[in-house]
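J.: Predicted model and sequence below, questions to follow.
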Amino acid sequence: MKLSELVNYMNLLDTMSTVSTAQQADQDLAKITHVISSSAIQLEQFSAVLTQRQNHVADALRQYESDLVTLKHTLRELITTTEKPWFAESYRLYEQEMCNDTAELILSRSPIISKETAEFYRTRLTRYNGWHHAAMIIRPGYETFIHELLASDPLYLVDESHDLLQPAMTQFNEQYQHRLRPYVIQERSGTAILEQLPKSQFGLVFAYNFFNFKPFEVLRQYLTEIFQKLRPGGVLIMTFNDCDWAKAIMLVEQYCCTYTPGYLVRELAQSLGYEIIFSWNNRGPSTWLELRRPGERPSLRGGQALARILPKSLESSHMTAAEELANQRKQAIDLKLAEELANLRKQAIDLKLDTPDKIRYGYSLEKLKALLEHKK
């Protein structure tokens with residue numbers, strides 16, 4: 001029997017229990033026997049007989065639930081035995097076949113999700129969007145989730161080649177591209193995958209549709225290294241092919257994704273020190289998982305940097321008091337203009353005056369004011 005069939009059966013059984021049925025039956029029978037036993041009319045010991053029957057029903061339902069639990073346990077043991085070859089097969093697929101995939105093929109592997117699911121993902125991401133800490137997106141690809149994290153300062157884009165990073169970079173104008181920090185990583189170099197990136201600096205690491213194609217051993221290495229890159233209180237948001245669900249295993253059996261059971265991914269994350277703060281799955285192949293490195297460390301930034309900050313020895317040391325005051329005023333004005341620009345962009349997007357991307361990156365402050373004034 002195929003592993004997907006076993007897990008599909010397990011998924012079905014996991015939705016079933018007699019506990020609520022037994023509770024309801026006990027309540028209903030108790031009401032009836034109470035009426036009979038408390039009545040002034042007693043016929044041929046029916047009160048004692050029905051009370052005994054009630055106890056028999058309760059015992060039978062408890063035994064039924066016990067047998068059902070035993071069936072689930074036996075099925076899980078069979079799944080554990082049947083799944084073992086797929087760990088090795090996933091690693092073989094990764095080492096011998098996926099290593100030859102072109103950038104075009106890799107970027108084409110975009111899961112089909114509903115509009116509601118996409119909106120749910122965006123809502124979750126915006127909870128972590130902010131300029132207080134750096135963020136990292138692993139394999140941004142063609143996905144538009146990057147737009148939910150543009151406030152991150154700085155924003156790192158990470159993948160295994162420049163060709164894989166290009167689609168994300170070219171979404172933006174040249175000015176904004178210079179603000180992004182692209183990094184190419186090597187998984188098979190024999191060294192740490194993320195060694196180029198700073199430690200304990202990231203408030204968020206986001207990996208969407210990336211671990212779906214990594215065997216468990218490689219996933220372990222990523223989770224280990226990402227934990228080191230996160231600041232205390234930092235969060236890793238990831239999706240993966242959750243083989244606790246039959247639909248995910250069907251993809252494995254078709255050699256489209258790797259075998260990563262959700263129960264093992266969670267055990268691994270907790271063993272590495274992560275806290276599981278949120279998990280969501282709509283009975284599909286992918287699970288959205290949010291993991292946090294324990295601790296809290298507030299940002300030291302008082303505001304978003306709007307220009308390059310020079311060391312005091314190069315800038316402030318030769319400023320007069322008047323010049324320094326003028327510089328502080330200029331920074332305050334720049335911050336006010338940035339806030340005004342953000343507010344105008346939001347108004348224009350809400351009014352659907354142009355595409356969100358063009359409004360964010362194609363309009364100056366003056367053009368946005370003219371656009372909104374024309375709308376009025």
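T.: Perfect, I can see it now. Quick caveat: nothing in here was measured; it's all calculated off a predicted structure. Numbering: from 1, shown residues only.

J.: Tell me where this structure has strands.
T.: 134-138, 155-159, 181-184, 202-207, 230-241, 275-280, 286-292 (DSSP state E).

J.: any idea how far the residue of the chain most remote from its centre lies from Ser38?
T.: In terms of distance from the mean C-alpha position of the chain, Glu44 ranks first, at 65.5 Å (CA atoms, centre = their mean). The gap separating Glu44 from Ser38 is 17 Å, by CB to CB, to the nearest Å. Heads up, the C-betas are built off the backbone N, CA and C, glycines and all.

J.: which residues of this protein score low on pLDDT?
T.: Scanning the chain with the threshold set as pLDDT under 70 gives 297-339, 341-342, 356-363, 376.

J.: Spatially nearest residue to Ser286 (excluding sequence neighbours)?
T.: Residue nearest to Ser286 in three dimensions, not counting chain neighbours: Thr239, with 4.8 Å by CB to CB, 6 or more residues apart in numbering.

J.: Wait, the one you found touches Pro285, no?
T.: No. Assessed by CB atoms under 8 Å, Thr239 is found out of contact with Pro285, at 9.6 Å.

J.: Need the residues touching each of those two.
T.: Asn212 (CB atoms under 8 Å, 6 or more residues apart in numbering).

J.: number of nearby residues for Leu164?
T.: 20 (other CB atoms under 10 Å).

J.: who's in contact with it?
T.: The contact partners of Leu164, taken as CB under 8 Å, 6+ apart, are 103, 106-107, 139, 141.

J.: Tabulate those in TSV, adding columns for neighbour count and distance to Tyr64.
T.: Shown next, in TSV, are those (neighbours: other CB atoms under 10 Å; distance: CB to CB, whole Å):
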residue	neighbour count	distance to Tyr64
Ala103	17	56
Ile106	18	50
Leu107	19	52
Arg139	22	48
Gly141	25	50
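
J.: Helices of the chain, start to end?
T.: For the chain, the helices defined by DSSP state H occupy 3-13, 19-38, 46-92, 103-108, 115-126, 162-169, 174-177, 216-229, 246-253, 262-271, 321-350, 356-361, 365-375.

J.: Deepest-packed of the ones you listed, please.
T.: helix 246-253 (a mean of 21; mean count of other CB atoms under 10 Å).

J.: That one relative to strand 230-241, how many degrees between them?
T.: Counting by axes from the mean of the first three to the mean of the last three CA atoms, to 10 degrees, helix 246-253 lies at 80 degrees to strand 230-241.

J.: residues making contact with helix 246-253?
T.: In this structure, residues lying in contact with helix 246-253 by CB under 8 Å, 6+ apart are 2-5, 7-8, 11, 86, 90, 241-243, 257-259, 283-286.

J.: change it to 6 Å
T.: 3-4, 7-8, 11, 241-243, 257, 259, 284-285 (CB atoms under 6 Å, 6 or more residues apart in numbering).

J.: tell me which of those residues is nearest to His162?
T.: Each of those was scored against His162 by CB to CB, and Cys257 proved nearest at 25.1 Å.

J.: how close does the closest one sit to Val7?
T.: Distance of Cys257 to Val7, given as CB to CB: 14 Å.

J.: Could you do Asn282 as well?
T.: In terms of CB to CB, Asn282 sits 16 Å off from Val7.

J.: mind checking the end-to-end distance for stretch 237-251?
T.: 22 Å (CA to CA, to the nearest Å).

J.: if we can go back for a sec, for the residue nearest to Ser286, give the beta-bridge partners.
T.: Trp288 (DSSP bridges).
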